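Colleague: Just a sequence and a predicted model for now, questions to come.
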Amino acid sequence: MTVNFDKAFGIHDDALLLFERRTQLLAENIANVDTPDYKARDINFDQVLQNTKTEAVKLNATHKGHINTSNEALSEVVQFREVEQSSADGNTVDLQKEKAAFAENSMRYQTTMHILSKRISGLKAAFRGE
Amino acid sequence: MSVFKVFDVAGSGMSAQMLRLNTVASNLANAETISGNENEVYQARHPVFQSILQEAGNTNETATVKVSEVVEEDTAAIPHYRPNHPLANEEGFVYSPNIDAVAEMADMISASRSYQNNVEVLATTKEMLLRTLQLGQG
């Protein structure tokens, strides 16, 4: 019997990748707060969920020459934010919202990290057999 | 790992805001720089920010900030009648720049806040990465 780490970590290691990408997007929004015509972007989580559900029809990359389709799924879900209040310079960054989203995202990341840590200590305990 | 790009992004934001602070400092410092020639008087300078998209369409794409140019204002200089001033022209006029000190101060506060936001993003990301390094050690 072998230990399947994919099963042991479940959705959480994929979630980390997503939160990581979102950290970068929100950092870009915050850095471009004063850039004229910059359009704020974020990840559409509904779309991510939809893509995960339909992953069964995606191709598996079993050879190093194969294209990994799951990365493409991640780039599709990056969308421009809907503008609630337009500004004269065409910038759509709402700094308060971006900061709140950044804090939320970092909390989610840390929660996922915590769960992963617990799973790893669970596995360790099982290996020791104490 | 794309999360390291956050350092590039926030760093570019910080350097752009720092340049903005520099122009504010320059504008305020030269607010009283007198000139004898109406056309040679100091003009307020302002940076123009631009977003640079790298590796577009790929999961590693990043949008950093760049200062594309620094533009000079084109406002009329304020004439002062001071015939005894060493720089005065034949009619006895010297000219001072038309700088809006209140607008410059507001710009300074805005630049400083934006800089702080970028620093905060850096600190939070660093914290997240350090926690990731400790994964499985607890």
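Modeller: Alright, I've got the coordinates.
Colleague: which intervals of chain B have sub-threshold pLDDT?
Modeller: Low-confidence segments of chain B (pLDDT under 70): B:1, B:57-59, B:138.
Colleague: The same query, at a cut-off of 80, please.
Modeller: Residue ranges of chain B with pLDDT under 80: B:1-3, B:55-60, B:136, B:138.
Colleague: Residue nearest the middle of it, spatially speaking?
Modeller: residue B:20 (0.6 Å; CA atoms, centre = their mean).
Colleague: Give me the nearest residue to the residue in chain A that chain B sits nearest to, chain neighbours excluded.
Modeller: Nearest residue of chain A to chain B: residue A:31, at 3.0 Å (CB to the nearest CB). Glycine gets a C-beta too; all of them are placed from N, C-alpha and C. Take residue A:31 and drop its neighbours on the chain: the residue closest to it by CB to CB, 6 or more residues apart in numbering or on different chains is residue B:13, 3.0 Å away.
Colleague: helices and strands of chain A: which one bottoms out on pLDDT?
Modeller: Lowest by mean pLDDT, DSSP states H and E among the helices and strands of chain A is helix A:69-76, with a mean of 54.
Colleague: After that helix, heading C-terminal, what element do we hit next?
Modeller: strand A:78-80 (DSSP states H and E).
Colleague: List the buried residues in stretch A:13-22.
Modeller: When burial is assessed from 16 or more other CB atoms under 10 Å in any protein chain shown, stretch A:13-22 yields the following buried residues: A:14-22.
Colleague: ok, residue A:12 - how many residues close by?
Modeller: 15 (other CB atoms under 10 Å in any protein chain shown).
Colleague: per-residue confidence for it?
Modeller: On the pLDDT scale, residue A:12 is placed at 86.
Colleague: who's in contact with it?
Modeller: A:112, A:115-116, A:119 (CB atoms under 8 Å, 6 or more residues apart in numbering or on different chains).
Colleague: taking these one by one, which sit in helices?
Modeller: A:112, A:115-116, A:119 (DSSP state H).
Colleague: Save these as a markdown table, and put in neighbour count and distance to residue B:28 too.
Modeller: Below are those laid out as a markdown table (neighbours: other CB atoms under 10 Å in any protein chain shown; distance: CB to CB, whole Å):
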| residue | neighbour count | distance to residue B:28 |
| --- | --- | --- |
| A:112 | 19 | 47 |
| A:115 | 15 | 52 |
| A:116 | 20 | 51 |
| A:119 | 17 | 56 |
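Colleague: Which of those lies at the shortest distance from residue B:124?
Modeller: Distance to residue B:124, by CB to CB, is smallest for residue A:112 among the ones in helices among the contacts of residue A:12, at 15.2 Å.
Colleague: I'd assumed residue B:45 was in contact with the residue nearest to the centre of chain B.
Modeller: No: counting by CB atoms under 8 Å, residue B:20 stays clear of residue B:45, with 10.1 Å between them.
Colleague: and the most centrally placed residue in chain A, which of the three is it?
Modeller: Geometric centre of chain A, nearest residue: residue A:18, 1.3 Å, by CA atoms, centre = their mean. What DSSP: H, G, I helix; E, B strand; the rest coil gives for residue A:18 is helix.
Colleague: Check whether it really touches residue A:48, as I assumed.
Modeller: Yes: using CB under 8 Å, residue A:18 is in contact with residue A:48, at 6.4 Å.
Colleague: returning to that earlier point: what helix or strand is the residue nearest to the centre of chain B located in?
Modeller: helix B:5-29.
Colleague: Go through that helix and flag the buried ones.
Modeller: Of the residues in helix B:5-29, B:5-6, B:8-10, B:12-17, B:20-21, B:23-24, B:27-28 count as buried by neighbour count, 16+ other CB under 10 Å.
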